[in-house]
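Peer 1: Next input, structure requested:
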Amino acid sequence: MKSVSAKELKNYTGEILHQVERGEKIIITKRGKPCALLSPVEDSQLPTLDLRPFEEAWADIEKSLKGTRPYYNTWKEAIRKPCGGHGGGADGS
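Peer 2: Next up is the predicted model:
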């Protein structure tokens, strides 16, 4: 099994990851002592994400938006007026 220092990992991350993708396990050392093992991941090791269906999530977003009002009425108004009364120009006015 190959080992690389943390500095080598920093400098050659892409090359080292290609080796891992090809199935190699690599020990990462810090100040000469092993501190981590970099190895390929199996699909069975990945957590499953419990995501809601898109339609359900989008319906919640639309519901939330209906209960709010935009700060400005139009986009033209938004670019003319500084937000919150703070100077928006380059000169701070």
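Peer 1: Which single helix of this protein contains the most residues?
Peer 2: For the chain, the helix that runs over the most residues, judged by DSSP state H, is helix 54-66.
Peer 1: what does that helix contact?
Peer 2: Residues outside helix 54-66 that contact it (Cβ atoms under 8 Å, 6 or more residues apart in numbering): L51. In short, each C-beta sits where N, CA and C put it, glycine included.
Peer 1: Name the next helix or strand downstream of that helix, please.
Peer 2: Downstream of helix 54-66, the next assigned helix or strand under DSSP states H and E is helix 75-80.
Peer 1: Using CSV, write out every CA atom in that next one.
Peer 2: Extracted in CSV, the C-alpha atoms of helix 75-80 (Å, rounded to 0.1, in the frame of the first residue of the first chain):
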residue,chain,number,x,y,z
TRP,A,75,-36.6,45.6,-11.3
LYS,A,76,-36.1,49.2,-12.6
GLU,A,77,-37.0,50.6,-9.2
ALA,A,78,-34.6,48.1,-7.5
ILE,A,79,-31.6,49.3,-9.6
ARG,A,80,-32.4,53.0,-9.1
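Peer 1: contacts for that helix?
Peer 2: Under the criterion Cβ under 8 Å, 6+ apart, residues Y71, Y72 lie in contact with helix 75-80.
Peer 1: any idea of the mean pLDDT in it?
Peer 2: For helix 75-80, mean pLDDT is 86.
Peer 1: from the chain's centre, how far out does it sit?
Peer 2: Offset of helix 75-80 from its chain centre (Cα atoms, centre = their mean, to the nearest Å): 31 Å.
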